[in-house]
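# okay, sequence plus prediction incoming.
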Amino acid sequence: MDFFPGFTRQRIACADIEINAVIGGNGPPLLLLHGYPQTHVMWHRVAPQLAAHFTVVATDLRGYGDSSKPAGLSDHANYSKRAVARDQVEVMHQLGFERFFLAGHDRGGRVAHRLALDHPDCVRRLAVLDISPTKIMFEQTDMAFASAYYHWFFLIQPAPFPETVIAASREFYMRNGLRAGPETFAPQAWQEYLRCFDSATIHASCEDYRAAATIDLEHDRADETAGRKIESPLLVLWGENGIIEKLFDPIDDWKKVATDVRGRALPAGHYLPEEVPDLVSAALLRFFG
């Protein structure tokens with residue numbers, strides 16, 4: 001299935017890996033980053049609407065989809081949000097875009113957070129979907145959060161424990177781990193997510209979460225100590241039926257790490273671009289336009 005009609009596909013070489021991307025539309029550049037355990041395909045209901053106004057770039061993050069999936073290092077640094085954000089900046093620069101709009105869902109939102117801090121001159125405006133900052137979420141962990149986001153604590157266990165367990169029941173894990181009804185995803189999108197969730201992606205995604213619980217927190221603490229905050233305007237969207245709404249205060253949380261924050265809940269669960277694509281598109285068009 002062609003999820004992005006009229007878009008072109010490119011495989012872009014970065015310093016040590018290659019990133020899979022689709023590019024389409026006209027206008028100012030807009031980079032879209034996906035979440036776990038998905039791929040750039042999660043934007044297929046949103047990107048065509050945005051492409052009428054922007055040059056849309058949707059990528060597979062390092063370790064996901066059809067991008068490179070290197071083995072993790074002992075300190076998980078090659079899956080730090082700093083490293084993954086650097087990939088995305090390099091992709092945009094190779095496409096000729098020095099400054100761009102940026103939106104990220106789930107893990108992609110965490111990469112976008114780091115990108116806006118490490119490369120502030122690149123980001124015109126930033127939107128994050130259905131997350132609070134990583135450090136704040138870890139620090140506020142209680143039984144309710146650990147039960148709802150059990151995978152955070154399962155995936156960070158030393159290799160190869162989670163990799164082995166997931167690989168033994170890959171489709172079962174995907175169906176139950178996504179915590180969403182079958183109506184949430186287009187059948188073809190679900191098959192694409194399953195296709196890409198191979199042994200290399202399973203390992204890489206564990207490394208993504210291991211980095212979040214170690215080196216990413218070191219980087220976040222360093223920013224806090226130095227008083228560094230996101231300076232670009234920030235839009236926060238989240239699902240009113242999801243865990244973020246229930247257990248966190250997204251606007252207040254993001255105001256702790258950013259200087260210019262606004263946002264609201266949408267009538268959805270976690271997968272906003274697939275559950276309420278028209279509302280997401282309208283919100284992003286208003287904010288970026």
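That came through, no problem.
# pretty sure residue 20 contacts residue 9?
Yes: counting by Cβ atoms under 8 Å, residue 20 touches residue 9, with 7.4 Å between them. (Each C-beta comes from the backbone N, C-alpha and C, glycine too.)
# the more surrounded of those two?
Taking neighbours as other Cβ atoms under 10 Å, residue 20 and residue 9 compare with residue 20 leading, 21 against 13.
# which residues does that one bridge with?
Bridge pairing for residue 20 (DSSP bridges) gives the partners residue 11.
# which residues does it contact?
Taking Cβ atoms under 8 Å, 6 or more residues apart in numbering, we find residue 20 in contact with 9, 10, 11, 40, 59, 60, 65, 66, 67.
# ranges for the strands of the stretch 1-150 of the chain?
Counting by DSSP state E, counting those that start in this stretch, the segments of the stretch 1-150 of the chain that form strands are 8-13, 18-25, 29-33, 55-59, 100-105, 123-129.
# ok now the second one, how far from the chain's centre?
Spelled out, it's strand 18-25. Mean-position distance between strand 18-25 and its chain equals 15 Å (Cα atoms, centre = their mean, to the nearest Å).
# go on, the fourth one?
In terms of Cα atoms, centre = their mean, the centre of strand 55-59 is set 13 Å apart from its chain centre.
# which other residues reach it?
4, 7, 19-34, 40, 43, 47, 50, 67, 88, 91-92, 95, 97, 100.
# next, the angle from it to strand 8-13.
If you take axes from the mean of the first three to the mean of the last three Cα atoms, to 10 degrees, strand 55-59 sits at 60 degrees to strand 8-13.
# pLDDT weak spots in the stretch 101-250 of the chain?
Counting by pLDDT under 70, the low-confidence segments of the stretch 101-250 of the chain come to 182.
# and with 80 instead?
Applying pLDDT under 80 to the stretch 101-250 of the chain flags the ranges 177-183.
# nearest residue to the residue sitting nearest the centre point of the chain other than its sequence neighbours?
The residue lying closest to the centre of the chain (Cα atoms, centre = their mean) is residue 108, at 1.3 Å. Spatial nearest neighbour of residue 108, excluding adjacent residues (Cβ to Cβ, 6 or more residues apart in numbering): residue 33 at 2.9 Å.
# residues in contact with that neighbour?
So residue 33 contacts 59, 61, 88, 102, 103, 104, 105, 107, 108, 109, 111, 112 (Cβ under 8 Å, 6+ apart).
# tell me how far it lies from residue 60.
9 Å (Cβ to Cβ, to the nearest Å).
# pretty sure residue 155 sits against residue 210.
Yes: the criterion here is Cβ under 8 Å, and residue 155 meets it with residue 210 at 7.2 Å.
# from the contacts of residue 20, pick the one nearest residue 170.
Of all those, residue 65 has the smallest distance to residue 170: 15.6 Å, by Cβ to Cβ.
# OK, contacts around that closest one?
Taking Cβ under 8 Å, 6+ apart as the test, what residue 65 contacts is 20, 34, 39, 40, 41, 196, 201.
# ok, the residue nearest to residue 188 when sequence neighbours are not counted - how many residues close by?
With sequence-adjacent residues excluded and distances taken as Cβ to Cβ, 6+ apart, residue 188 is closest to residue 1, at 4.3 Å. A count of nearby residues for residue 1, using other Cβ under 10 Å, gives 12.
# try residue 101
25.
# residue 37 now?
Residue 37: 23 neighbours (other Cβ under 10 Å).
# most widely separated two among the contacts of residue 20?
10 and 65 (13.2 Å).
# so how far is stretch 45-65 off the chain centroid?
Counting by Cα atoms, centre = their mean, stretch 45-65 comes out at 12 Å from the chain centroid.
# actually stretch 199-206, not the one I wrote
Averaging C-alpha positions (Cα atoms, centre = their mean) puts stretch 199-206 16 Å from its chain's average.
# check stretch 223-235 too.
Mean-position distance between stretch 223-235 and its chain equals 18 Å (Cα atoms, centre = their mean).
# likewise for stretch 249-256?
18 Å.
# about what we covered before: so how far is residue 275 from the residue nearest to residue 188?
When distance is defined by Cβ to Cβ, residue 1 is 19 Å away from residue 275.
# make sure residue 177 is actually in contact with residue 37.
Yes: between residue 177 and residue 37 there is a contact at 7.1 Å, judged by Cβ under 8 Å.
# I'm done for today, thanks for sticking with me.
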